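A.B. asks: Prediction below, plus the sequence it came from.
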Amino acid sequence: MQPRSSPAMPDRHADKERSEALAQMHLINILRAYMLHMVGEVPGYKALVLDQDTMRISSTQFGRTELAEHNVVHIERLDSNDGKEHLELKAICFVRPTRENVTLLKRELRQPRYQSYHLYFTNLVSQMHLQDLAEADAAKEQVQQVQEFYGDFVALDVHHFMVPVPTNEVLINPKAALPLGASE
């Protein structure tokens, strides 16, 4: 079975939608445009690998049927993978740039279960984390791209959102969110 044709690069219509959503600050459309870019940019059959927070973010934007229309045929959580190889699929990893997620991605890259990996982070990734991922990928070179999309929020409606904050300590002491060894 051949995958539906999917452009290797996002089409101009998707770029226009993303630009309009950003100009209007339409939060739901911004997240949808980011995710459509992710799944539209990678040709062929895909797996969507998410963390707990991005699972919530993506499930508010798309249903499984709509994702299947973009050749996303497998969805799994990064922290609870099924252990099976899916070498016929390309992994689109959409995760928050946390220490835990980077550790799980490093484990995944050392023993890859997918044909290739396309890493999309919901916010800035520290240079240290990027270096760790590059070292984990050095032997197999499965990572095709790494991008930062600023979608670290759940759109509740057009103008309201919720930021997934792991603990109140981050709100009280912002330095608690910094990786170990990092300084301001």
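C.D. replies: Everything's here; your move. Numbering: from 1, shown residues only.

A.B. asks: which helix is the longest one in this structure?
C.D. replies: helix 27-41 (DSSP state H).

A.B. asks: Quick one: list the elements packing against it.
C.D. replies: On a contact count with 3 or more CB pairs under 8 Å, 6 or more residues apart in numbering; DSSP states H and E, helix 27-41 meets helix 12-24, strand 86-95, strand 114-121, strand 154-155. Using the backbone N, CA and C atoms, a C-beta is placed for each residue, glycine as well.

A.B. asks: quick one: that helix to strand 114-121, angle?
C.D. replies: 150 degrees (axes from the mean of the first three to the mean of the last three CA atoms, to 10 degrees).

A.B. asks: mean confidence for helix 27-41?
C.D. replies: Helix 27-41 shows a mean pLDDT of 86.

A.B. asks: same thing with stretch 67-74?
C.D. replies: Stretch 67-74 comes out at a mean pLDDT of 96.

A.B. asks: Quick check: residue 141 vs residue 104, distance?
C.D. replies: 19 Å (CB to CB, to the nearest Å).

A.B. asks: Between those two, which is the more surrounded one?
C.D. replies: residue 104 (20 against 12; other CB atoms under 10 Å).

A.B. asks: quick one: the more buried one and residue 76 touch, right?
C.D. replies: No - counting by CB atoms under 8 Å, residue 104 sits too far from residue 76 to count as a contact (11.6 Å).

A.B. asks: okay, and for this protein, where does confidence drop off?
C.D. replies: 1-26, 153-184 (pLDDT under 70).

A.B. asks: Residue 105: neighbour count?
C.D. replies: Look at residue 105: counted by other CB under 10 Å, it has 26 neighbours.

A.B. asks: a helix runs through it, doesn't it?
C.D. replies: Yes - checked against DSSP: H, G, I helix; E, B strand; the rest coil, residue 105 lies within a helix.

A.B. asks: That one: what's it in contact with?
C.D. replies: Applying CB atoms under 8 Å, 6 or more residues apart in numbering, one finds that residue 105 lies in contact with 78, 93, 95, 119, 133, 136.

A.B. asks: Can you say which of these are buried?
C.D. replies: 78, 93, 95, 119, 133, 136 (16 or more other CB atoms under 10 Å).

A.B. asks: Let's have the residues you listed in a markdown table, adding distance to residue 42.
C.D. replies: Shown next, in a markdown table, are those (distance: CB to CB, whole Å):
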| residue | distance to residue 42 |
| --- | --- |
| 78 | 17 |
| 93 | 11 |
| 95 | 16 |
| 119 | 11 |
| 133 | 18 |
| 136 | 20 |
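
A.B. asks: Which single one of those is nearest to residue 36?
C.D. replies: residue 93 (16.6 Å; CB to CB).

A.B. asks: which residues does the closest one bridge with?
C.D. replies: Going by DSSP bridges, residue 93 is paired in beta bridges with residue 49, residue 119.

A.B. asks: Right, I'll leave it there.
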